[in-house]
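Chemist: Give me coordinates for this.
(chains A and B)
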Amino acid sequence: MALSRIASSSSSINLLKPLSCLSIRCRSISTDPLTVETSLPFVPHNCEAPSRAVETSAAELSSFFRDMAVMRRMEIAADSLYKAKLIRGFCHLYDGQEAVAVGMEAAITRKDCIITAYRDHCTFLSRGGTLIEVFSELMGRRDGCSKGKGGSMHFYRKEGGFFGGHGIVGAQVPLGCGLAFAQKYCKDETVTFSLYGDGAANQGQLFEALNISALWDLPSILVCENNHYGMGTAEWRAAKSPAYYKRGDYVPGLKVDGMDALAVKQACKFAKEFSLKNGPIILEMDTYRYHGHSMSDPGSTYRTRDEISGVRQERDPIERVRKLLLTHDIATEKELKDIEKEVRKEVDDAIAKAKESQMPEPSDLFTNVYVKGFGVEACGADRKEVRATLP
Amino acid sequence: MGYRCYDSLVLVCLIQDRASKMWGVMRHKTIRPAISSLRHFSSAAKEITVREALNTALDEEMSADPKVFLMGEEVGEYQGAYKISKGLLEKYGPDRVLDTPITEAGFAGIGVGAAYYGLRPVVEFMTFNFSMQKKMVKLKLEGEAEARQISQHKSGGTRGNHQYWSGHDFTQFGLMMAAPSKPKVMFCALQGWKKRQRCEILIDDPVKDMELRICGWGQAVDLYIGRRDSAIDHIINSAAKSNYMSAGQISVPIVFRGPNGAAAGVGAQHSQCYAAWYGAVPGLKVLTPYSSEDARGLLKAAIRDPDPVVFLENELLYGESFPVSAEALDSSFCLPIGKAKIEREGKDVTITAYSKMVGYALQAAETLAKEGISAEVINLRSIRPLDRSTINTSVRKTNRLVTVEEGFPQHGVGAEICTSVIEESFGYLDAPVERIAGADVPMPYAANLERMAVPQVEDIVRAAKRACYRSVPLAAAA
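Modeler: Numbers count the residues shown, from 1 in each chain, chains lettered A, B, ... in the order given. A predicted model of the protein is given here:
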């Protein structure tokens, strides 16, 4: 998947890639099946766990590595941009959790839908978004995916089956079940993944939506990205039962090692097949975020630095795939380092381009309020000064 | 069962239980508020109730577009809490008419999600149901109300001051009592109801201006009014704002509809008018039909509209009949969103109103006409977008304004209209603008207080006279 994306990313960046990288990609194009065991078993609830042996290929593993490296680099760059005050307001970073986005994408098609909360930059990317769209939107420029009008929490890519990007905690779950309802209504044979965190897992509306999904057999997959902290509140302080995969009670669930992209892929593949036949299922991804909840949270007041560095050493998703690539002889150390350098440059170039993008036009203040505005008038702060007609 | 059929519907009493198919309405022969004789009748004399209007509109739109579906509490097997969706489940099947659990936040969100994908949901919020724990519902019957006492009684007698009858049709269910001391008041007590049964109460020998009070004992039936509150987040944050936040990628062609505003005796949590709340939100369209023509035309327009629409009906209007033209009965009929209607032309004062208050405003206009004041009554039809142009044109003609609404006065619809007129037509005003609104209190339960909490016709008349500098010295406000 990443290979096709490399091909489609902006042509100017392609031209800047050194030839040696192209040769690496040629070598790792091997799509011969390769079976890898997940490091941890799946823990099922009211269903049978899928096999730990995951079918993959050298090409897929390489794409995992590259895609996660891009995501990692993008989030770290966003951190710097935020500190440089080029990104304002909210900025919730996903580094550490990349395996969930990448593994899920590998298991599904663009006709399946994904909806998530506000930690959405990487999911947007995995659904076909580009780095320029990400950075432009974060900086509020017109080349952003929402033309600068959404911001960090409101990325959308309808053509890629990505429905946002939502700021209200938990609201995305009923919305996602609604997408699944529509998929069933239209007989599309596709599914919707509704992602939420351990903090949102206690929201009432989640259970309302789950009940309806189970009642109506909707192809709805609820995915709890359990990074163990809801803002600054550890899961043991927020939830009486931290077994989020069991929360569905009569709805089956599966606990997955969310730092293992292959395990995520296997679980999502299983969930899609399951859900099309049997209705909703809950996946709990055991994952971790290195940054704080948002840029205004240092992330170290409610957890120790040792814990953070411990996870980074033991469970980092990119390191895991790097080891796999090395042990299976798919790439050398140097090649992987080169890829990382290349990724860094790609991200820097995208930022440079995004910085050149203009702010939205003042008239954009009034666009997209309605699809059909009937020529109604809207006004600015001083209605005698600023008025517009909604088309 | 011995029921007699009557023409028009006044109240449907709903009790929770599906086991029994018995259902009941209080029907009164030719009940008409006094205003009916004053309506301008169009060419065709056909009359339909608002309920029928909404039902046919839903039916036609569902028939025309397979992406339209209906979702809400009791919309399917129950035929609709207010019978708005009667017959639709049978016609379109359970895939398109969906009964939901009592989980408004959940199914409002699901509706919005379905709209994201491209379907066209109509989400119904039930508001009125009635509680049977010693609450009273008062209905004022005006005009030629006829009611029939249930004659075939197996038992009857007196209890204290009251004579009572028990209808044989529902002996096990209820009693009807009349208070001899107040012959104009009849009490209907519903006792020992099983869950979800509906009761038909027929009243014989009605008296003009009779009050019918329903009181109940026994199992409480939940009141569902105000449930829209828990879904408000999805209406505003998931529906209204999405097209803007996504710069046009995610449009939300959804309709949220249901009864709004005060009913009768349902208390504070179930009587609020939400027109001002939703009317404030950019990205939403908010419609408030009054007549059957409004109901048909605006609901069809709402369903066809690509933006989220909040469609505020009124429970007490469901049973009212209005004349409709042949054009309005056609399946392609549609009213424009954002355009108000001049219900009655006049030249001395402009009265704006929406929903049930339009009827009151028209009555007030009648009264004012007798005193030589010619009032122009505007039926807003659309709260957002608000038809400022029609309102201002009218005020520029009459030079005086009275706004009428049921909702709370502060930050209300009337506040917006008054300000709009002051901003646009200040030079044309010959008198200060006047606002009539619900009282600035949570809706009380006691009948006399409840009456004081909602605008009455005399309030509108008084305000119009003030605007015309006629009589009534101002109350000691100084």
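Chemist: Just want the phi and psi numbers for the closest residue to residue A:57 other than its chain neighbours.
Modeler: Leaving aside its chain neighbours, residue A:57 sits nearest to residue A:31 (4.7 Å; criterion: Cβ to Cβ, 6 or more residues apart in numbering or on different chains). The C-beta positions use only the backbone N, C-alpha and C, and glycine is treated the same way. With angles defined as degrees, to the nearest 10, residue A:31 sits at phi -110, psi 20.
Chemist: Looking at residue A:31 now. What's its pLDDT?
Modeler: In this model, residue A:31 is scored at 85, pLDDT.
Chemist: so where is the chain shaky, pLDDT-wise?
Modeler: No chain specified, so I'll use chain A. A:1-29 (pLDDT under 70).
Chemist: Oops, wrong one, chain B.
Modeler: B:1-45, B:127-230, B:471-478.
Chemist: Tell me who's in contact with the residue positioned nearest the centre of chain A.
Modeler: The residue lying closest to the centre of chain A (Cα atoms, centre = their mean) is residue A:123, at 2.2 Å. Contacts for residue A:123 (Cβ atoms under 8 Å, 6 or more residues apart in numbering or on different chains) come out as A:94, A:101, A:114, A:116, A:155, A:162, A:195.
Chemist: Can you tell me which of the residues you listed lies closest to chain B?
Modeler: residue A:155 (8.7 Å; Cβ to the nearest Cβ).
Chemist: which phi and psi does that closest one have?
Modeler: phi -90, psi 140.
Chemist: One more: residue A:57?
Modeler: Main-chain dihedrals, residue A:57, degrees, to the nearest 10: phi -150, psi 170.
Chemist: could you measure it against chain B, distance?
Modeler: Distance, residue A:57 to chain B, by Cβ to the nearest Cβ, to the nearest Å: 32 Å.
Chemist: Look at the residue in the stretch 1-150 of chain A positioned nearest to chain B and say how many residues are nearby.
Modeler: As assessed by Cβ to the nearest Cβ, chain B sits closest to residue A:147 within the stretch 1-150 of chain A, at 3.7 Å. Residue A:147 has 22 neighbours, counted by other Cβ atoms under 10 Å in any protein chain shown.
Chemist: need the contact list for the closest residue to it other than its chain neighbours.
Modeler: Excluding its sequence neighbours, the residue lying closest to residue A:147 (Cβ to Cβ, 6+ apart) is residue B:247, at 3.7 Å. Taking Cβ under 8 Å, 6+ apart, we find residue B:247 in contact with A:146-150, A:367-368.
Chemist: same thing but 6 Å
Modeler: Shown in contact with residue B:247 (Cβ atoms under 6 Å, 6 or more residues apart in numbering or on different chains): A:146-147, A:149, A:368.
Chemist: Mind checking which of the residues you listed are in helices?
Modeler: The helices in this structure, assigned by DSSP state H, contain none of the contacts of residue B:247.
Chemist: which of the residues you listed has the most neighbours?
Modeler: For the contacts of residue B:247, neighbours tallied by other Cβ under 10 Å; top is residue A:146, 25 neighbours.
Chemist: Need the nearest residue in space to that residue, chain neighbours excluded.
Modeler: That would be residue B:247: by Cβ to Cβ, 6+ apart, it lies 4.7 Å from residue A:146.
Chemist: Next: residue A:164.
Modeler: residue A:156 (4.8 Å).
Chemist: Show me the contact partners of stretch A:196-206.
Modeler: So stretch A:196-206 is contacted by A:169-170, A:173-174, A:224-226, A:230, A:235, A:239, A:244, B:105-106 (Cβ under 6 Å, 6+ apart).
Chemist: now, among those, which is nearest to residue A:262?
Modeler: residue A:225 (17.0 Å; Cβ to Cβ).
Chemist: partner residues bridging that closest one?
Modeler: In this entry, residue A:225 is beta-bridged to residue A:197, residue A:285, by DSSP bridges.
Chemist: ok, which stretches of the stretch 51-200 of chain A are helices?
Modeler: A:58-83, A:98-107, A:121-126, A:131-138, A:172-185 (DSSP state H, counting those that start in this stretch).
Chemist: which one of those helices has the most crowded surroundings?
Modeler: helix A:172-185 (a mean of 30; mean count of other Cβ atoms under 10 Å in any protein chain shown).
Chemist: hang on, the earlier thing: can you tell me the SS state at the residue nearest to residue A:147?
Modeler: coil (DSSP: H, G, I helix; E, B strand; the rest coil).
Chemist: which element is the closest residue to residue B:336 other than its chain neighbours on?
Modeler: Using Cβ to Cβ, 6+ apart and skipping residues adjacent in sequence, the residue nearest residue B:336 is residue B:301, 7.0 Å away. In the assignment (DSSP states H and E), residue B:301 maps to helix B:292-304.
Chemist: downstream neighbour of that helix in the secondary structure list?
Modeler: Going down the chain from helix B:292-304, the next helix or strand is strand B:309-313, by DSSP H and E.
Chemist: From the contact counts, what lies against that following strand?
Modeler: On a contact count with 3 or more Cβ pairs under 6 Å, 6 or more residues apart in numbering or on different chains; DSSP states H and E, strand B:309-313 meets strand B:255-259, strand B:285-287.
Chemist: Okay, buried residues for the last one please.
Modeler: Within strand B:285-287, the residues scored as buried using 16 or more other Cβ atoms under 10 Å in any protein chain shown are B:285-287.
Chemist: Could you single out the nearest of the residues you listed to residue B:76?
Modeler: residue B:287 (24.2 Å).
Chemist: Surely the closest one is in contact with residue B:298?
Modeler: Yes - the pair residue B:287 / residue B:298 is scored as a contact, 4.8 Å apart, by Cβ atoms under 6 Å.
Chemist: Would you mind listing what in chain B touches chain A?
Modeler: Within chain B, the positions adjacent to chain A are B:103, B:105-106, B:109-110, B:112-114, B:116-117, B:119, B:233, B:237-238, B:243-251, B:282-283, B:306-307, B:338, B:385 by Cβ under 6 Å from any Cβ of the partner chain.
Chemist: re earlier: list phi and psi for the residue nearest to residue A:164.
Modeler: Per degrees, to the nearest 10, the backbone of residue A:156 is at phi -140, psi 150.
Chemist: All the helices of chain B, in order from the start?
Modeler: Under DSSP H, chain B gives helices at B:50-64, B:88-92, B:104-117, B:228-233, B:242-245, B:275-279, B:292-304, B:326-329, B:356-370, B:388-398, B:413-425, B:447-453, B:457-467.
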